[in-house]
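A.B. asks: Got a predicted structure here, sequence first:
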Amino acid sequence: MVEFCPDCGGLLRKRTKNGTTFLFCRCGYEKKLEPNNAEKQKRIAKKKKKLEENLIVVNHDDKITVHPIVERICPKCGFNEAETWQEQTRSADEPSTTFFRCLKCKKTWREY
């Protein structure tokens, strides 16, 4: 959390003197920082809860794909649907490489 000096409005910076932590300003203002573990623990718990709420677990059995599905004939099994994506595998002035993965046998191939 950022705090500002009540005297001049400058940014308060953290400094430690003899094991005690202070917030200080260039104008000379100092404020002793009290250790507040309860508040820190609350913030950590809140962040953890937010992460857990947004967490999605995907099993292999779910068969979820994030890539678009196109009609391409698999060179291995002949199935006509594959997921596709593009990657820049060579230098920036070269076109990207298009990859395909068969939805039936999972064979992956590429087109330049």
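C.D. replies: Done, it's in. Computed from a predicted structure; not experimentally measured.

A.B. asks: Please make it C-alpha for all contacts and neighbour counts, starting now.
C.D. replies: Noted.

A.B. asks: what's the helix or strand for residue 43?
C.D. replies: In this assignment (DSSP states H and E), residue 43 forms part of helix 37-54.

A.B. asks: Which secondary structure elements does that helix sit against?
C.D. replies: Counting contacts by 3 or more C-alpha pairs under 8 Å, 6 or more residues apart in numbering; DSSP states H and E, helix 37-54 packs against no other helix or strand.

A.B. asks: distance between the following helix or strand past it and the chain's centre?
C.D. replies: Going down the chain from helix 37-54, the next helix or strand is strand 69-71, by DSSP H and E. What separates the centre of strand 69-71 from the centre of its chain is 29 Å, taken as C-alpha atoms, centre = their mean, to the nearest Å.

A.B. asks: Run through who's touching strand 69-71.
C.D. replies: Contacts with strand 69-71, where a contact means C-alpha atoms under 8 Å, 6 or more residues apart in numbering, come from 80, 81, 82, 83, 84.

A.B. asks: Show me which positions of that strand end up buried.
C.D. replies: Neighbour-count burial for strand 69-71, with 16 or more other C-alpha atoms under 10 Å as criterion, is recorded at residue 69.

A.B. asks: Also stretch 94-109?
C.D. replies: Buried, per 16+ other C-alpha under 10 Å, within stretch 94-109: 96, 99, 100, 101, 102, 103, 108.
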